[in-house]
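Chemist: here's my sequence, what's the structure:
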Amino acid sequence: MAGTISRIRLENFMCHSSLHIELGDHVNFITGQNGSGKSAILTALCIAFGCRAKSTQRAATLKDFIKTGCSYAAIVVDINNQGEDAFKPEVYGNLIILERRITDSSSSTILKDQHGRKVAHRKDDLTEIIEHFNIDVENPCVIMSQDKSREFLHSGNDKDKFKFFFKATLLQQVNELLETIKDQLNNADSIVEELEKSIKPVMRELDELRQKIKNMEHIEEISHDIDNLKKKLAWSWVYDVDKQIGEQTVKLQKLKERIPACQERIDRNTVLLDELKKELIEKEENVRSLAKKTREVHMMRKNMDDSITEVVKQKVELEAEHDRHTDMLGKMNKRLRQLQAQLRDFQLQHMQHTQVEASQIEEDIQNIQSEIDYAHSNITRLKEDEKEFSEELSGILKSISEITKEITENDKKIQDLKYETDDLLQRQSNKVTAFGGQRVLNLLESIERNNRRFKSPPIGPIGAHLQLASDFWSFAVDCAFGNLLDAFIVSCHKDLQTLRECAKQVNYNHLRIIVYDFTRPRLNIPDDSLPATKHPTVLSVIQSENHTVLNVLVDQGSAERQVLVQDYEVGKSVAFDHRIRNIKDVYTSDGYRMFSRGSVQTILPPNKRPRAGRWCSSPGERIAELKNEVADFQRINSEKRGQKRKLDHDRCNLEQKITSLKRKREPEERRLANKRLQLDDAKKASAENNSHTAVDTSELEEELKHVKNDIQQKELLLQKANVRLTAILREVDDRKAAYKTFMDSVNDEAGPFNNASSELDLAKEKLEAAQQEKTHYEGVMRNKVLPDIKMAEEEYAELQQLRQDYFKKASIICPESDLEVLSHVAGSTPEQLSAKINRLKLRFDQESRRYSESIDDLRELHDQKEHKIFRKQQLYAGFRLKLNSCQKALDMRWNKFQRNAGLLKRQLTWLFNEHLGKKGISGFINLDYKSKVLSIEVTMPQDASRDTVRDTRGLSDMHDLMRWHGLHGNAIGRLRWHPYMSREICSGGPDEVAMHTCMPREIDNGGGPDELAYLHVQRNGPDEVA
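Modeler: Residues are numbered from 1 along each chain as shown. You can find the predicted model right below:
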C-alpha cells in the first residue's frame, strides 16, 4: 500500500550503531527496556521526514544526534510506493528510499528509486512526497514522543491542553487553511473592485468618442459636398475640352486658307529668278575675260611685293648683326678695363704683407693650444665621474628589475592562492561545485526540471560520487582523471540528447557525456590484469556507492592501470626502470605524469594552475593555510615595495647627477671642438703665408692679351657689316621706285574691269533678293503655315484624346446622367468649381484639424473600446460570480468546520465520560473553542471525600495514571481526520511512551470522514497489557 513504511535502517544515530527493522503491513509494536532506543527510532523518523532538531526536544542541532565517537549518522527509510496512490511510480518504481545523512558540518537528504539510483536531493522533493502522503511528523497524533506525552499529561494549563487537542485533531490546520482562503478571497474581491473601477475612465473615454463622432458627422457632410463638386469638376473638364475643340476647328480652317496665297508668291519669284540667272551668266562672261588680264597684273604685282619683302628682310638682318657686333665690342672693352684694374689691385695688396703678421699668428696658435689642453683635462674628469655614476645607476636598475620581477611573481602567486581559496569556499558550501562550478548547479536544476524526460536520471558529475581513502592522493587522482571528473553518465542515446539540451539551456558548453549501461554489475578485474607493484593504483584509493561510476572510470579512465607514487624519483623508477606489466601511467603526489611507449620515455609536469582540494576533507584548515600564505606573500611584497621605493629615490638622485655632469660636459666639448677648429685655421693661415711669398700674375696678363685680340677681330667684322648694309639700303630704294611706276599703269587699266564687276554685283544682288523672297515664302509655307496647320491638327487630336480621357475619368467618377440630380454644370467653369472645392476643403481642414483621427478611425476605435469594455464587463462579472460562489463555498466550509468541531467536542465528552463510568470514576471534560481552553475534572472512587481532581499531576498512583492515560488516549487519539493515518502508541515503561506510524490503513468504521483509528497501549511488564 502506498505511503507505508516497510523498513528502517539507522547507523551511528543516537544510541544505535547499526539497526535494521522490517515492519509489517499493519500494526507494529516496538518493545524494549528503558534506554534501549525506542524513542530514538521515532526521533529518526522525524529527522528523516524533515523535522528540525529542536522540534524533537532531544537535541539542539542535527550533529548532536551523531553517536559519540563517530563522524556521521545515517537514516534510511523505505516507503512502499504501490497502488493507485503511488507517488511518481514512473520515476521511483514500487519503493521510495529516503536517506538522511548527517555530519559535523552538514546534512543531506537523498531520494532514491527502487534500484537504489539517486533521483533527487532537494528539500522541495521531500516536501512534495510528505504532502502527497500527508505525513505530519510534528502532529502528536502521528508521532507522540514521551516528551510530548509527558508534557500533555503533566500540564496544568488548560490552554496548552487545548492547543494540543486543536493541533492533534487537525482542527488547527483546517482553521488556518480556511483563514488563508478567506484572506485570499478578500484580496481577490478588492482586486475585482479595482478592476471594475478601472473601467469607468474607459467609459468616459467612450462617451467622449461618441461626442467626437457626432461632431465629425458635420465634417462628413462637407466631405460629401466636396465629392459632389469633384464630380461636377470632372464633367466640367469634359465640357471645357469640347469648347476648346470647337475653337481649334475654326483656327485650323483659317490656317488652311493661307496655303494658296503663299504658293502664288513662290511661283512669281521662281519666274523672276530664271530671268536674273540668264542676265548674270552674260555679265559673268564679260567679267571673266577682264579678270584674266587682272590676274596677270596681280601676278606681276605679287612678284614685285615678294622681291621688296625679301630685300627688306635682308636689311633688317644686317642691321641686327651690326647691333650685335657693336654690343659685343663694348662688352670686351669693359672686360679689358676690369682686368687691368684687378692686376693693379693685386700687386698693391701683396706689397702690404709684413713679418709682424707671421709672429702674431704663431702667438695665437700657442694660446689656442693651451686652452685646448685645459678643456681636455676638464672633459676627462667629467667623463670619469659620469662613468662612475652610470655604473652605480646600472646596479640600482638591475636591483629594481629583480625586485619588480619578484613582486610580480608574488602577485601572481597571491592571485592563484585567492583563486584556490574562493574555489575551496565555494566547495565548502557545496561539494558539487568542485566539478564544474556554478554551471553544474544550474545543470542539475535543469535536469531536475526535465526529470520526466529521462529514461534514467543522469549520474554526475562523476567526481561528486567519489570519495578518497586518503587526502594525500587527491591531487594525483585529479591529474589522472582530469576533466573526466566533470563528466555525466547517461543510460541511452535519447538521454544524452536530453542532457545536451539541458546543458544548452544553462550555457554549459562542451559538457562531456558518457553513455553506459546502468544495469551492468561491478566490473571484476583479475589480478593478472593489475599492475604487479606494491604501490597503490587510482582504483584502489577511490570509493563510490555507485558501481556504474567505478565501471566508467575503469573503462574510460583506466583507473586500474594508473599507479600512484609518493615522489618524483620513485615515479621514475616505477615507470622506466622496472618495466612493470599492465602500467599505463604513473602519477606522483605532486602531479607529475610519467609513461613509456615503446622506447620513448615521457615525463609531463603538473598543471600550472592545479585544482587541488576538490576532495579535501577539511577545507576550513586548507583555507586558513592559504590565507596565511597570502598574508606572507603580501608582507614580503610590502617589504619589497619599500626597498623598491628607496632604490627609485637613489636612482632619481643619480640620474640628476648624471644629467648635471652631462650639462657641464657638453659645453666643454663644444668649446674644445671650436678651439681645435681655430687651431687648424691658424695653422693653415701660417702655412699659406709662408707658401705665397712670391705673387704669380702671369694668368691675368695672358687673359688681358686674349681680350685685346678678340677686340681687334670684332672691329674688323663690324666694318664688313657696315659695307653690306649700305648696299642693301640702296637696292631697297630702287625696287620701291619700280613698284610705284608699275602701280600707276595698273590703275589706268582697272576702270572697265571695275564697272563690269559693279554690274555683276548688282545682278547678283537682284538674284539674291529674288531668291531670298522665294526662300522666305517657301520658309513661311514650310516653317509657319504647314507647321501651324500640323500643330493645330495635333492640338485638335490631343484635345480629342484629352476629351476621351476626361470623359472616361468623369464616367468612372460618376455617370453623366447623375449630373441632372446634382444640377447641371454647363454654367460653371472648372476654375470656379476648383475655387469652390478649395474653399470647402479649407473649411473641411479647419474642422478636421480639431480632430486628428478620421471618423472611420474614431468609429473603429469606438467599436473596439466598446467591445473591449463589454468583454471586460463580462469577465469581471464572471470574476464576481466565481467569487460569490467561492464565498458561498467558504461559508459552507466554515459551517461544516464549526459543526464538526461541535460534534468532535460532544464525541470527546461522551467517550471520556463513558470510559470513566466503566472504570467507576466520575468526572467531566470541558472544551471551549471561544476561550481556547480544555479542562478535565476527575473524582476518584476511593476518595470518600468526593474531592475533584482537576490536574493529572495529582494522580500519584502509577497504575491509575496509566489506566487514565489509556482512557484518555483512547478518547483523544481515536479521533482521526485523515483516512491515510493510523496511530499506535507503545509504552516501554512508566517514563516512556513511544509512537509508531504505519500508513496507510483504511478502517471501515461507518463514520465517514470522522472514522476512528484505535490507539493500542502496551505496558512493558509481565502483569499488564492494555
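
Chemist: tell me how far the helix or strand hosting His649 is from the chain's mean position?
Modeler: Using DSSP states H and E, His649 sits in helix 619-691. Mean-position distance between helix 619-691 and its chain equals 49 Å (CA atoms, centre = their mean, to the nearest Å).

Chemist: also stretch 301-309?
Modeler: Distance of stretch 301-309 from the chain centroid (CA atoms, centre = their mean) equals 99 Å.

Chemist: whichever helix or strand comes after the helix holding His649 packs against which elements?
Modeler: Scanning forward in sequence from helix 619-691 by DSSP H and E, the next helix or strand is helix 698-749. Contact here means 3 or more CB pairs under 8 Å, 6 or more residues apart in numbering; DSSP states H and E; on that basis helix 698-749 packs against helix 259-350. In this view, the C-beta of every residue, glycine as well, is placed from N, C-alpha and C.

Chemist: for the helix it packs on, packing partners?
Modeler: helix 698-749, helix 751-779.

Chemist: how near is Lys214 to Met203?
Modeler: For Lys214, the distance to Met203 equals 17 Å [CB to CB, to the nearest Å].

Chemist: these two: which is more packed in?
Modeler: Relative neighbour count places Met203 above the other of Lys214 and Met203, with 13 against 9, counting by other CB atoms under 10 Å.

Chemist: who's in contact with the more buried one?
Modeler: For Met203, the contact set (CB atoms under 8 Å, 6 or more residues apart in numbering) comprises Ile869.

Chemist: so it: helix, strand or coil?
Modeler: Recorded secondary structure, Met203: helix (DSSP: H, G, I helix; E, B strand; the rest coil).

Chemist: so how far is His862 from it?
Modeler: Counting by CB to CB, the gap from Met203 to His862 is 12 Å.

Chemist: equivalent analysis for Lys251, please.
Modeler: 59 Å.

Chemist: of these two, who's got more company?
Modeler: Using other CB under 10 Å as the criterion, Lys251 and His862 rank with His862 on top: 18 against 15.

Chemist: so what's that one scoring on pLDDT?
Modeler: We have a pLDDT of 81 for His862.

Chemist: with Arg427 instead?
Modeler: At Arg427, the model reports a pLDDT of 62.

Chemist: can you check Gly1007 too?
Modeler: At Gly1007, pLDDT is 36.

Chemist: same question for Gly156.
Modeler: At Gly156, the pLDDT value in this model is 62.

Chemist: any idea of the mean pLDDT for the helix holding His649?
Modeler: On average, helix 619-691 scores 81.

Chemist: Leu647 - how many residues pack around it?
Modeler: Quick note: Leu647 (other CB under 10 Å) scores 17 neighbours.

Chemist: kindly report the same for the one 10 residues further on.
Modeler: Burial of Lys657 is recorded as 16 neighbouring residues (other CB under 10 Å).

Chemist: contacts only, for the spatially closest residue to it that is not a sequence neighbour.
Modeler: Of all residues not flanking Lys657 in the chain, Phe389 sits nearest, at 5.3 Å (CB to CB, 6 or more residues apart in numbering). By CB under 8 Å, 6+ apart, the contact set of Phe389 is Leu654, Lys657, Ile658, Leu661.

Chemist: how about 7 Å then?
Modeler: Leu654, Lys657, Ile658 (CB atoms under 7 Å, 6 or more residues apart in numbering).

Chemist: show me how the protein divides into domains.
Modeler: What the TED database lists as the domains of the chain is 4-138, 435-614.

Chemist: distance to Leu170 and mean neighbour count added to those domains, as CSV?
Modeler: Putting the domains of the chain into CSV (distance: least, CB to CB, whole Å; neighbours: other CB atoms under 10 Å) gives the following:
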stretch, distance to Leu170, mean neighbour count
domain 4-138, 8, 17
domain 435-614, 31, 17
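
Chemist: what's the closest of the ones you listed to Leu229?
Modeler: Ranking the domains of the chain by proximity to Leu229 (CB to CB) places domain 435-614 first, at 67.4 Å.

Chemist: chain center to the closest one: distance?
Modeler: 36 Å.

Chemist: stretch 321-331 too?
Modeler: 93 Å.

Chemist: cool, and stretch 72-84?
Modeler: For stretch 72-84 - counting by CA atoms, centre = their mean - the centre lies 48 Å from the chain centre.

Chemist: mind listing residues that contact it?
Modeler: 1-13, 44-45, 47-48, 65-67, 87, 89, 92-103.

Chemist: same question, stretch 892-904
Modeler: Thr169, Leu171, Val174, Leu178, Tyr929, Leu975.

Chemist: can you get me a residue count around the first one?
Modeler: This means Thr169. 21.

Chemist: and it, its phi and psi?
Modeler: Backbone geometry at Thr169, expressed as degrees, to the nearest 10, gives phi -90, psi 10.

Chemist: the third one now?
Modeler: Backbone dihedrals for Val174, given as degrees, to the nearest 10, come out at phi -70, psi -40.

Chemist: just to revisit the earlier point, the residue nearest to Lys657 and Lys646, how far apart?
Modeler: From Phe389 to Lys646 the distance is 18 Å (CB to CB).

Chemist: how about Gln804?
Modeler: Taking CB to CB as the measure, Gln804 falls 107 Å from Lys646.

Chemist: in the stretch 701-850 of the chain, what spans have low per-residue confidence?
Modeler: 742, 744-756, 816-827, 847-848, 850 (pLDDT under 70).

Chemist: mind listing the helices for the stretch 851-1000 of the chain?
Modeler: 855-918, 958-973 (DSSP state H, counting those that start in this stretch).

Chemist: most packed of these?
Modeler: helix 958-973 (a mean of 19; mean count of other CB atoms under 10 Å).

Chemist: and the helix holding His649, what does it pack against?
Modeler: In terms of contacts (3 or more CB pairs under 7 Å, 6 or more residues apart in numbering; DSSP states H and E), helix 619-691 is packed against helix 355-429.

Chemist: show the average pLDDT along the very next helix or strand once past the helix it packs on.
Modeler: Downstream of helix 355-429, the next assigned helix or strand under DSSP H and E is helix 438-449. For helix 438-449, the mean pLDDT works out to 87.

Chemist: which residues sit against helix 438-449?
Modeler: Applying CB under 7 Å, 6+ apart, the contact partners of helix 438-449 are Ala120, Arg122, Asn430, Val432, Thr433, Pro458, Pro461, Cys502, Ala503, Gln505, Val506, Tyr508.
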